[in-house]
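# Okay, structure incoming, though there's no sequence with it:
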């Protein structure tokens, strides 16, 4: 399912236009992104939790030259943990 499919499905289910549903989806995604940038978790009850995962710095291998070692910096990554209701629905 693409973003446009999601907008169309939401618009039909809510009985609103695709434009309105698209604006709501953009607003929700923007709010989740802003919260994650601040380091806050976003929990949607029954669906799951979006959080920031921290990956430590490490040494890797250059794929073009396997004898050369490279330093991979520490970084923050978004992560999602599915809630119980979502897990049960998918099973």
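Received, thanks. Given the structure is predicted, the values throughout are model-derived calculations rather than measurements.
# Could you pull out the buried residues of stretch 3-20?
7, 10-11 (16 or more other C-beta atoms under 10 Å). In this view, the C-beta of every residue, glycine as well, is placed from N, C-alpha and C.
# and which of the residues you listed is nearest to residue 37?
Ranked by distance to residue 37 (C-beta to C-beta), these are led by residue 7 at 23.9 Å.
# I'd like to know which elements the longest helix along the chain is packed against.
As assigned by DSSP state H, the longest helix anywhere in the chain is helix 18-37. On a contact count with 3 or more C-beta pairs under 8 Å, 6 or more residues apart in numbering; DSSP states H and E, helix 18-37 meets helix 3-14, strand 42-44, strand 48-55.
# Residue 50 and residue 66, how far apart?
Distance, residue 50 to residue 66, using C-beta to C-beta, to the nearest Å: 36 Å.
# Looking at these two, which is more packed in?
residue 50 (18 against 8; other C-beta atoms under 10 Å).
# Quick check: chain neighbours aside, which residue is closest to that one?
residue 42 (4.3 Å; C-beta to C-beta, 6 or more residues apart in numbering).
# I figured the one you found hits residue 48, correct?
No - counting by C-beta atoms under 8 Å, residue 42 does not reach residue 48; the two are 9.3 Å apart.
# residues in contact with stretch 31-38?
Contacts to stretch 31-38, defined as C-beta atoms under 8 Å, 6 or more residues apart in numbering, come from residues 41-42, 50-52, 78.
# Give me the buried entries from these.
If we count by 16+ other C-beta under 10 Å, the contacts of stretch 31-38 have these buried: 42, 50-51.
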